[in-house]
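Chemist: I need the structure of the sequence given here:
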Amino acid sequence: MSVITSACSKTFLATVSALVMIAGMVVALAPAAQANPAGVTWTSQTSAANNSWRSVTYGNGLFVAVSGSGTNNRVMTSSDGITWTSQTSAADNDWQSVTYGNELFVAVSSFGAGDRVMTSSDGITWVSRTAAADNYWLSVTYGNGLFVAVSYSGAENRVMTSGVFGGAPSIELAQWTSYYQALPMPDSGFCQNITTEQNAFAAYGTGVSGGWVKSWEPWVANGVGGWGCQRNLVNTGGNNWVVTGG
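Modeler: Residues are numbered from 1 along each chain as shown. Coordinates of the predicted model:
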């Protein structure tokens with residue numbers, strides 16, 4: 001038994017790894033969850049598969065849970081928190097967290113190659129997305145038009161976002177893509193002279209020009225380095241790109 005539910009709404013204490021509450025129903029996922037006798041009374045339910053369920057959320061009339069184990073069944077859904085149905089995730093990754101916002105389910109994974117995010121508009125059909133970095137993503141949430149995820153690993157990139165703060169991200173084309181770009185230049189050159197027309201690579205297929213900052217780059221080609229222009233582009237949904245600085 002991997003799922004426990006409770007109809008009590010306000011105070012709940014249990015040894016669980018994930019919780020969600022909606023319309024007076026609390027749903028929890030745990031490898032071996034037990035009700036706290038001093039708190040809420042919990043009822044065991046049967047999960048769709050005996051996987052390592054990590055996170056559960058609710059949206060659009062559906063509970064959706066994700067797992068770090070299993071084969072073609074790392075998602076399960078339920079309309080009532082009691083009867084669960086297996087669904088196929090976009091990849092058999094180690095899915096750590098799932099959330100719902102702006103008519104979109106979003107899940108993040110700690111492992112995978114360029115596919116550590118997946119999205120679904122209905123909780124059933126899932127599409128792989130590219131994370132900003134192949135970090136150990138542990139948790140994702142949604143608020144005020146923005147999906148935000150945090151990671152256990154990485155350098156100065158342990159947070160990634162998708163969407164527009166205060167606005168709505170693209171539902172079908174939500175992206176988590178960040179591109180660091182660097183171009184060599186003469187010592188006497190100026191980064192602001194780089195335009196889409198002068199260098200197709202500068203636009204990277206995004207139609208965005210500008211935002212270049214002059215910096216010393218350790219070019220691998222000669223092992224010495226040289227002056228270059230660098231910037232970072234982030235996709236905020238669909239083909240909507242913004243420059244986030246050098």
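
Chemist: Could you chop the chain up by domain?
Modeler: Domains of the chain are assigned by automatic domain parsing as 3-169, 179-243.

Chemist: Among the ones you listed, which one carries the weakest average confidence?
Modeler: When these are compared on average pLDDT, domain 179-243 comes out lowest at a mean of 66.

Chemist: where do the helices sit along this protein?
Modeler: Taking DSSP state H, the helices of the chain run over residues 200-203.

Chemist: now for the longest strand belonging to it, which elements pack on it?
Modeler: The strand that spans the most residues within the chain, counting by DSSP state E, is strand 226-235. In this structure, strand 226-235 makes packing contacts with strand 178-184, strand 213-217, strand 241-243, judged by 3 or more CB pairs under 8 Å, 6 or more residues apart in numbering; DSSP states H and E. From N, CA and C alone the C-beta is placed, and that goes for glycine too.

Chemist: And the shortest one, what does it pack against?
Modeler: Which is strand 241-243. With contacts taken as 3+ CB pairs under 8 Å, 6+ apart, strand 241-243 sits against strand 226-235.

Chemist: what's the angle from the strand it packs on to strand 213-217?
Modeler: Between strand 226-235 and strand 213-217, the angle comes out at 120 degrees (axes from the mean of the first three to the mean of the last three CA atoms, to 10 degrees).

Chemist: Which of the residues in strand 226-235 are classified as buried?
Modeler: For strand 226-235, a neighbour-count test (16 or more other CB atoms under 10 Å) marks 227-235 as buried.

Chemist: Any chance of those in JSON lines with distance to Gly154 as columns?
Modeler: As requested, these are exported to JSON lines (distance: CB to CB, whole Å):
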{"residue": "Trp227", "distance to Gly154": "28"}
{"residue": "Gly228", "distance to Gly154": "24"}
{"residue": "Cys229", "distance to Gly154": "25"}
{"residue": "Gln230", "distance to Gly154": "19"}
{"residue": "Arg231", "distance to Gly154": "20"}
{"residue": "Asn232", "distance to Gly154": "15"}
{"residue": "Leu233", "distance to Gly154": "18"}
{"residue": "Val234", "distance to Gly154": "15"}
{"residue": "Asn235", "distance to Gly154": "18"}
